[in-house]
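model this:
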Amino acid sequence: MRLGARDRLGLVGPNGSGKTTLFRMIAGEERPDRGEIFIRRRVHIGYLSQEPIPAKDQSLLEEVQSGVKDLTALEDKMRLLAEEIAEEQDTQIQEALAKAYGQMEERYSQQGGYALESQAKAILLGLGFREADFQRSTEELSGGWLMRLALAKILLANPDLLLLDEPTNHLDLESLIWLENFLGEYMGTIVVVSHDRDFLNRVATKILAIEEKKITPYPGNYDTYVQAKEKKKAIQEAAQENQRKKIEQTEKFIERFRYKATKARQVQSRVKMLEKMERMEIADAQKTIRFHFPQPIRNGRVVAELKGVHKAYGPVQVYSGVDLTLLREEKAALVGPNGAGKSTLLKLLAGILEPDAGAIEWGHNVSSAYFAQHQLELLDPSKTVWEEIFSKAKDEPISFLRGLLGAFLFSGDEVEKRVSVLSGGEKSRLVLAKMLMRPANFLLLDEPTNHLDIAARDVLERALREFKGALCFITHDRHLINAVANKVVEVKDGSLTIYPGNYEDYQYKKEQEKKELAIENFQPCSEENLEAKERTARRTKEQKRLEAEARNRFYRETQGLRQKIQEVELNLEQATKDMEYMATRLADPEIYRQGENIPELLKSHAEAKRRVDTLTTAWETLAQQLEGLEQARLSLSPPEESGKY
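Residues are numbered from 1 along each chain as shown. Below you'll find the model as predicted:
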């Protein structure tokens with residue numbers, strides 16, 4: 001493997017394949033058993049590990065700047081020299097010291113020392129810290145914030161080679177987008193391990209895949225790598241099948257003519273050929289989680305309703321009279337800046353926190369299950385995996401518990417592992433398994449994909465899409481929001497704004513709002529425009545609340561139609577895959593040489609095509625119905641509200 005200047009590399013592979021070990025060897029923290037690692041002289045390496053290093057008892061700003069060792073050492077020398085100049089009585093010595101100080105200051109300035117503090121502040125703000133945090137002691141930070149601090153420290157140091165091991169695990173969505181933009185302009189080499197495919201798509205220009213204990217490079221981003229890998233696997237499977245048929249034909253020849261003297265030479269020739277032949281083998285597919293959420297008892301149409309809810313932490317007011325309604329089979333993603341109150345809202349819905357004022361009403365037959373990262377810390381490190389899940393069992397049979405653990409890749413000796421030695425991904429899987437012991441119809445998930453690899457995320461994503469209950473979740477994984485959510489709740493400045501659809505729909509509507517605001521701000525300031533702006537400014541909070549209620553009511557009324565559209569889309573996606581698979585087989589000359597049942601294959605292809613056509617027509621009809629209802633609502637809306645759409 002070679003790392004070149006300005007490379008943007010994504011390192012991928014299943015959990016336990018050796019990604020972190022490779023990073024530790026490049027960073028010099030481990031040595032290879034064989035082979036060598038060559039690093040050019042004066043190359044500075046910045047390595048972000050998954051385990052936060054306890055910081056010294058100093059302010060956040062001081063800790064971040066301490067990572068720029070050359071400048072920090074120079075700054076200390078300048079400080080000591082300044083103190084010596086102030087204490088020195090001899091003018092000649094003072095002049096000599098002042099000259100030395102001037103040379104140091106010039107070097108400090110050339111290396112960007114005077115801009116260091118402003119750069120440090122910009123990076124801290126980008127990663128979600130507030131200005132009020134800059135002077136806080138590092139000892140006050142939790143593990144997740146220590147990881148952000150470690151990342152800020154490395155980014156400010158501006159190393160030649162950045163090794164980032166799961167940098168997105170503890171970031172919210174806004175910080176993640178900021179990091180993507182920062183890395184896009186970074187002048188050094190970047191190698192990143194991440195299970196966030198959207199992040200890899202935006203950052204990486206080449207993928208290094210650990211396959212069968214070797215590193216295979218693939219040009220392009222993660223999506224390109226997946227396509228190339230599928231194509232490679234298809235070629236390998238076809239070649240293996242051809243070899244299998246050749247071996248089968250050869251063995252039949254040997255068996256048929258083994259005892260005929262006239263064919264002895266030919267038989268021996270084929271026997272030797274089989275002995276020398278290197279049998280093609282395809283690597284075993286990576287084990288993945290195999291599960292679905294148990295389908296719960298049917299609950300009422302309204303799952304949960306917040307009415308005028310207030311919540312504060314001491315003097316900090318998080319919510320002041322917010323309303324929210326969640327319906328059966330709604331899958332709502334909470335988005336918004338760090339500290340806006342997303343986790344607080346989830347805890348209120350889970351019943352972990354009580355509102356200071358207002359009310360939360362739950363619907364008929366609602367049962368909830370809550371997952372959050374802090375639950376990983378509540379696992380008993382002294383227990384085994386089996387003991388941990390058995391301690392929560394009531395009347396579940398042993399076979400059910402073992403099957404549940406097996407679905408989460410804890411089988412055989414794995415169930416005897418102590419919790420203390422489990423990786424972050426294994427702990428997440430164990431907590432999710434505990435959630436599934438009893439079916440719930442309202443799932444509340446706070447960053448469920450942290451520490452899960454991409455294969456595990458894919459299975460979780462499918463399970464959430466198929467889940468028939470209500471879901472409210474927080475994640476920085478945009479792919480998960482796009483695949484699962486049918487409603488986005490923006491949490492910002494103590495208020496909640498509803499956006500129907502997934503993350504791409506949310507982004508589109510936010511862009512439209514920005515454009516409308518820009519047009520409004522650049523309108524000529526005529527007397528009529530000024531009067532219009534004054535009328536807009538006089539809109540009260542009560543009017544805005546009524547408008548929000550109208551939008552929410554419309555969304556609830558069309559929820560059934562949206563659900564039908566989503567189901568048709570899923571069926572259409574599968575039907576299209578079936579049709580494409582049949583078309584690929586029909587285009588393969590080998591199919592005809594093998595003498596397969598071509599009429600049956602043509603019939604299957606025609607049936608798949610008819611299903612695609614039928615579903616496409618159904619989707620267009622439903623989409624037109626929804627669009628017509630939206631247009632009708634907008635035409636009846638007052639100008640102030642319709643201007644928002």
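
confidence score at residue 90?
If you check residue 90, the pLDDT there is 77.

ok, residue 644 next?
pLDDT, residue 644: 34.

go on, residue 95?
74.

check contacts around the residue nearest the centre of the chain.
The centre of the chain sits closest to residue 477, judged by Cα atoms, centre = their mean, with a distance of 2.9 Å. With contacts defined as Cβ atoms under 8 Å, 6 or more residues apart in numbering, residue 477 is in contact with 196, 198, 449, 457. Where C-beta positions appear, they are placed from N, C-alpha and C, glycine not excepted.

ok, so of those, who is nearest residue 508?
Using Cβ to Cβ, residue 198 comes nearest to residue 508 of these, at 16.2 Å.

pretty sure the closest one is in a strand, no?
No. Secondary structure of residue 198 (DSSP: H, G, I helix; E, B strand; the rest coil): helix, not part of a strand.

where does this protein dip in pLDDT?
Filtered on pLDDT under 70, the chain yields the residue ranges 52-55, 69-76, 107-108, 110-114, 282-294, 520-551, 583-603, 605, 631-645.

again, only using 50
For the chain, the stretches flagged by pLDDT under 50 are 638-645.

all helices for the stretch 451-600 of the chain, in order.
Under the criterion DSSP state H, counting those that start in this stretch, the stretch 451-600 of the chain contains helices at 454-466, 478-484, 503-521, 527-537, 541-557, 559-586, 589-593, 598-636.

of the contacts of residue 477, which is the most crowded?
Tallying neighbours with other Cβ atoms under 10 Å puts residue 196 at the head of these, with 26 neighbours.

list the contacts of that residue.
For residue 196, the contact set (Cβ under 8 Å, 6+ apart) comprises 168, 176, 449, 476-477, 479.

again, but for residue 434
Contacts of residue 434 by Cβ under 8 Å, 6+ apart are 388-389, 392.

list just the nearest of those to residue 399.
residue 389 (13.3 Å).

the closest one and residue 431, how far apart?
Per Cβ to Cβ, to the nearest Å, residue 389 is found 10 Å from residue 431.

now residue 629
Applying Cβ to Cβ to residue 629 and residue 431 gives a distance of 41 Å.

residue 122 now?
36 Å.

cool, residue 14 as well?
Residue 14 sits 20 Å away from residue 431, going by Cβ to Cβ.

could you do residue 462 as well?
Taking Cβ to Cβ, one finds residue 462 at 19 Å from residue 431.

who has more neighbours out of the two?
The residue with more neighbours, out of residue 462 and residue 431, is residue 431; 19 against 14, by other Cβ under 10 Å.

the more buried one and residue 379 touch, don't they?
Yes. The pair residue 431 / residue 379 is scored as a contact, 7.1 Å apart, by Cβ atoms under 8 Å.

tell me the contacts of residue 309?
319, 321-324, 348, 355, 357-360.

ok, of those, which come out buried?
319, 322-324, 348, 355, 358, 360 (16 or more other Cβ atoms under 10 Å).

phi, psi of residue 164?
phi -110, psi 110 (degrees, to the nearest 10).

what helix or strand is the residue lying closest to it once chain neighbours are set aside located in?
Among residues not flanking residue 164 along the chain, residue 192 sits closest, at 4.4 Å (Cβ to Cβ, 6 or more residues apart in numbering). Here residue 192 is covered by strand 189-193, with elements defined by DSSP states H and E.

tell me what that strand is packed against?
Using 3 or more Cβ pairs under 8 Å, 6 or more residues apart in numbering; DSSP states H and E, the elements in contact with strand 189-193 are strand 8-12, helix 19-26, strand 161-165, helix 197-203.

give me the residues contacting that strand.
Residues outside strand 189-193 that contact it (Cβ under 8 Å, 6+ apart) are 3-12, 19-20, 23, 26, 160-167, 183, 199-200, 203-204, 208.

can I get the buried part of these as one PyMOL selection?
Of the contacts of strand 189-193, the buried ones can be selected in PyMOL as follows, counting by 16+ other Cβ under 10 Å:
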select buried, resi 3+7+8+9+10+11+12+19+20+23+26+160+161+162+163+164+165+166+167+183+199+200+203+204+208
